[in-house]
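1. sequence first, predicted coordinates after that:
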Amino acid sequence: MEVVSERALVRHLGAQPWAEPRVVVSGNFATPMHLLGLLDSAVECYRLFTLNAQPGIPARPGVIPESPFVGPAMRDQDALDYLPMRLSLVPTLFAVARPPDVVLVHTSVPRDGKVSLGIEVNILPAAIEQVRARGGLVIAQCNPAMPYTLGDGELDLEAVDLAVEVEEPLPSPGARAVTDTSAAIADNVASLVPDGATLQLGIGAVPDSVLSFLRSRRSLGVWSEVISDGVLELERAAVLDRDRPVTASFLFGSPELYAWVDANPRVRVLRTETVNDPSIIAGHPRMCSVNSALQVDLYAQANASYVRGRIYSGFGGQSDFVVGALHSPGGQAVIALPSWHAKSDTSTIVGRLAAPVTSFQHSAVVTDQGCALVFGRSQRAQARLLIEEAAHPDARDELWVTAAEARAGHP
């Protein structure tokens, strides 16, 4: 790894014989914004590949955003090239269809001949392997504020071609207010989690709230795509199994969370191919997968990706964990959502989805109204449970009519 000045890096990038390189960059709250800005000033046209892009990434003519999981910074861009696929398959995408030319990473400063990818490992090891095999570039923004996490994000210095040193605080997601609705949903979800369960929690207010209702449990494990501050609270409350490391693929949370994971052997941050592999997920006891959705229909199909016909996010790891949890001994695949969408003033339990399906065949659908335990039930019983236990009272009459017309239930 050669540490260079910003001016030297810009000259080096501007001299590359690229027409339209693919630039893979750390996503979520680990994007090396300063480094990305340097590349943007040096390269006129490129494809920008990142997960859950946050505000601040370049958005101009000549930059083509592409992602299998769309964040707020890409969501409304007309040039967006959305890639519908499970997150576990993104490393295969790099290998066979969309190889990277440059990988920009946000790392710790060196320790004992290595740097760490810190709070964002995810798809980056696969991207780094592919770009090195093709003779491309790996460039790091080394930041003393980035924690040194243990696991697949530890890179030998030889794996990084160039680096710039930038000291800046890591961003944290804004605090999500706990409402009466989210608290009711979380309480209902928590009722499904037994002692000794293994937790996977998706992104959103509801998954975050669930953790606060699990303080009376014991010997819980965590095998999750993402972890946040709630996991730290469970650790301090002696809820987590000390014999099982907390395992994730990326993190976002407070500076306190980032300080806790720094060089902490209790926490392993692993690559997506491992964390999101349904066969590995299935090997964990009583795997409890909790994910959010925008809508669920009477066929127990979930839409977590589209709003008014436009892509909002993507599959992410939801379908990976649903499949894995259903094959886990004693496992549960839970979809949690409010029964009523306040902004649109509509029910989130619908007769049939009009949008593409993100995942299906869950074991339970949970709302503020209750728990619809649908696994193993007939189509008619499933629809009945969704209407009686999950749907908002104001939507039930219409849903009964829809169910009768589809022969999925009866008034």
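-> All right, it came through fine.

2. residues in contact with the residue nearest to residue 237 when sequence neighbours are not counted?
-> Nearest residue to residue 237, sequence neighbours excluded (CB to CB, 6 or more residues apart in numbering): residue 215, at 5.1 Å. In short, each C-beta sits where N, CA and C put it, glycine included. Residue 215 sits next to 233, 234, 237, 239 when contact means CB atoms under 8 Å, 6 or more residues apart in numbering.

3. quick one: the helices in this protein, in order.
-> Along the chain, the segments classed as helices by DSSP state H run 6-14, 33-42, 90-96, 124-133, 180-190, 205-212, 229-236, 255-261, 272-275, 278-282, 318-326, 379-385, 393-405.

4. mind listing what's buried in the fourth one?
-> Which is helix 124-133. 124, 125, 126, 127, 128, 129, 130, 131, 132 (16 or more other CB atoms under 10 Å).

5. quick check, pLDDT for the first one.
-> Residue 124 is assigned 98 on the pLDDT scale.

6. would you agree it is in contact with residue 106?
-> No: contact criterion CB atoms under 8 Å: residue 124 and residue 106 do not qualify, at 9.6 Å.

7. what do the two both touch?
-> Common neighbours of residue 124 and residue 106 (CB under 8 Å, 6+ apart) are 26, 117.

8. contacts only, for residue 19.
-> residue 45.

9. contacts for stretch 304-320, please.
-> Taking CB under 8 Å, 6+ apart as the rule, stretch 304-320 contacts 52, 67-71, 75, 80, 82-88, 200, 202-203, 225, 249, 272, 275-278, 281, 291-294, 302, 355-356, 358-359.

10. can I get the buried ones among these as something I can paste into ChimeraX?
-> To isolate the buried subset of the contacts of stretch 304-320 in ChimeraX, counting by 16+ other CB under 10 Å, use the following:
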select :52,67,68,69,70,71,75,80,82,83,85,86,87,88,200,202,203,225,249,272,275,276,278,281,291,292,293,294,302,355,358,359
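
11. hmm, back to that, out of the contacts of residue 215, who's nearest residue 93?
-> residue 234 (33.8 Å; CB to CB).

12. from residue 267, how far out is the nearest residue to the closest one once chain neighbours are set aside?
-> Of all residues not flanking residue 234 in the chain, residue 240 sits nearest, at 5.4 Å (CB to CB, 6+ apart). Noted for residue 240: a distance of 11 Å to residue 267, by CB to CB, to the nearest Å.

13. any common contacting residues for these two?
-> With CB under 8 Å, 6+ apart as the test, residue 240 and residue 267 both reach residue 246.

14. now the terminal residues of stretch 371-381, how far apart.
-> One end of stretch 371-381 to the other measures 14 Å (CA to CA, to the nearest Å).

15. with stretch 186-195 instead?
-> End-to-end distance (CA to CA), stretch 186-195: 17 Å.

16. likewise for stretch 148-158?
-> 17 Å.

17. cool, and stretch 280-296?
-> 27 Å.

18. surely residue 263 touches residue 146?
-> No: when contacts are counted by CB under 8 Å, residue 263 is not listed as touching residue 146 (11.9 Å).

19. okay, the two: which has more neighbours?
-> Each of residue 263 and residue 146 has its neighbours counted (other CB atoms under 10 Å); residue 146 has more, 28 against 12.

20. buried residues of stretch 198-217, list them for me.
-> When burial is assessed from 16+ other CB under 10 Å, stretch 198-217 yields the following buried residues: 198-214, 217.

21. now that stretch: mean pLDDT?
-> On average, stretch 198-217 scores 85.

22. shaky segments in this structure?
-> 203-204, 407-411 (pLDDT under 70).

23. please redo it, this time with the cut-off set to 50
-> 410-411 (pLDDT under 50).

24. walk me through the domains of it.
-> 2-165, 180-405 (automatic domain parsing).

25. let's have the ones you listed in JSON lines, adding distance to residue 172.
-> As requested, the domains of the chain are exported to JSON lines (distance: least, CB to CB, whole Å):
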{"stretch": "domain 2-165", "distance to residue 172": "7"}
{"stretch": "domain 180-405", "distance to residue 172": "5"}
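
26. give me the contact list for stretch 171-188.
-> Counting by CB under 8 Å, 6+ apart, 29, 54, 204-206, 208-210, 212-213, 228, 252-255, 336-338, 366-368, 370-371 sit against stretch 171-188.

27. strands of the stretch 201-350 of the chain, start to end?
-> In the stretch 201-350 of the chain, the strands defined using DSSP state E, counting those that start in this stretch lie at 221-227, 246-251, 267-269, 287-292, 295-297, 301-303, 306-307, 310-311, 332-336, 340-341, 346-347, 349-350.

28. ok, and the closest non-adjacent residue to residue 368?
-> Among residues not flanking residue 368 along the chain, residue 184 sits closest, at 4.0 Å (CB to CB, 6+ apart).

29. distance-wise, check that neighbour relative to residue 15.
-> With CB to CB as the criterion, residue 184 and residue 15 are 59 Å apart.

30. comparing those two, which residue is more hemmed in?
-> Using other CB under 10 Å as the criterion, residue 184 and residue 15 rank with residue 184 on top: 19 against 9.

31. okay if I get the helices of the chain as a markdown table plus distance to residue 156?
-> Formatted as a markdown table, the helices of the chain follow (distance: least, CB to CB, whole Å):
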| stretch | distance to residue 156 |
| --- | --- |
| helix 6-14 | 21 |
| helix 33-42 | 20 |
| helix 90-96 | 20 |
| helix 124-133 | 11 |
| helix 180-190 | 41 |
| helix 205-212 | 35 |
| helix 229-236 | 29 |
| helix 255-261 | 21 |
| helix 272-275 | 19 |
| helix 278-282 | 25 |
| helix 318-326 | 29 |
| helix 379-385 | 51 |
| helix 393-405 | 56 |
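
32. which of the ones you listed sits most buried?
-> Mean neighbours per residue, mean count of other CB atoms under 10 Å, is largest over the helices of the chain for helix 318-326, with a mean of 25.

33. tell me the gap between it and the middle of its chain.
-> 13 Å (CA atoms, centre = their mean, to the nearest Å).

34. and stretch 354-364, how far out from the chain's middle?
-> On CA atoms, centre = their mean, the centre of stretch 354-364 falls 17 Å from that of its chain.

35. swap in stretch 260-274?
-> 15 Å.

36. may I have it as PDB, with CA atoms only?
-> The C-alpha coordinates for stretch 260-274 follow below in PDB (Å, rounded to 0.1, in the frame of the first residue of the first chain):
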ATOM      1  CA  TRP A 260     -17.300  -1.300  21.100                       C
ATOM      2  CA  VAL A 261     -16.600  -3.300  17.900                       C
ATOM      3  CA  ASP A 262     -13.000  -1.900  17.600                       C
ATOM      4  CA  ALA A 263     -10.600  -5.000  17.800                       C
ATOM      5  CA  ASN A 264     -13.400  -6.800  19.800                       C
ATOM      6  CA  PRO A 265     -13.100 -10.600  19.400                       C
ATOM      7  CA  ARG A 266     -16.800 -10.900  20.400                       C
ATOM      8  CA  VAL A 267     -17.700  -9.300  17.000                       C
ATOM      9  CA  ARG A 268     -17.000 -10.900  13.600                       C
ATOM     10  CA  VAL A 269     -17.700  -8.900  10.500                       C
ATOM     11  CA  LEU A 270     -17.800 -11.400   7.600                       C
ATOM     12  CA  ARG A 271     -18.400 -11.300   3.800                       C
ATOM     13  CA  THR A 272     -21.800 -11.500   2.300                       C
ATOM     14  CA  GLU A 273     -21.300 -15.000   0.800                       C
ATOM     15  CA  THR A 274     -21.000 -16.300   4.300                       C
END
